[in-house]
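Asks: what's the 3D shape of this:
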Amino acid sequence: MRIEISKKPELLIKLGKAVSAKHAALGQNSPLEDIEGIDDLVTLVADAETNHNNSKTLLEQAGTATQNRDNSLGQKGELRPDTVRHLVTAARSVLMGQNKGKEHVLGDWGYDVIESPSTTSNPAKAAAKAAKKAAKVTQAAAKAAAKIKSASA
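Replies: From the prediction side, this is the model:
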């Protein structure tokens, strides 16, 4: 037979309360009297419960704060006019228009200026490359099949 002790904070706190209550009810007749520090169990459980409740409250507050931050930043991918993402994107567009050929100036505004051509992929080019690769694989498979056929003949 096994007696499990939960790793879940709520259940461990509940168990600690139950053990300390039973120990207190039995008084000097408690079989736990000889455990060093057993009298600290009540205080430890109360401390754990207080900190657990604080933790839950702070987690809720953190979740709300994170959601509010993301809403202000516009982190959901949409470019709503009332977000940081929309406004810095619009500012970038204006500054790039005013600084054609000298886009490095946007670095003075805090933008990350990358001095290389755009790496945006061309879907038609990617499809052609994939088709070419597939054709090579098909040719290689045909050659391998021919070798096997001639070797077994």
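
Asks: And the residue nearest the centre of the chain, how far from residue 59?
Replies: Residue closest to the mean C-alpha point of the chain, counted by CA atoms, centre = their mean, is residue 66 at 12.5 Å. Separation of residue 66 from residue 59 (CB to CB, to the nearest Å) stands at 10 Å. C-betas here are computed from N, CA, C, even on glycine.

Asks: backbone phi and psi for residue 33, please?
Replies: Main-chain torsions, residue 33, degrees, to the nearest 10: phi -50, psi -30.

Asks: what's around it, how many residues?
Replies: Using other CB atoms under 10 Å, residue 33 has 12 neighbouring residues.

Asks: list the contacts for it?
Replies: Residues near residue 33 by CB atoms under 8 Å, 6 or more residues apart in numbering: none.

Asks: again, but for residue 49
Replies: If you count contacts by CB under 8 Å, 6+ apart, residue 49 has them with residue 13.

Asks: so which helix or strand takes in it?
Replies: Using DSSP states H and E, residue 49 maps to helix 41-73.

Asks: How far does stretch 9-18 sit from its chain's centre?
Replies: Relative to the centre of its chain, stretch 9-18 is centred 30 Å away, using CA atoms, centre = their mean, to the nearest Å.
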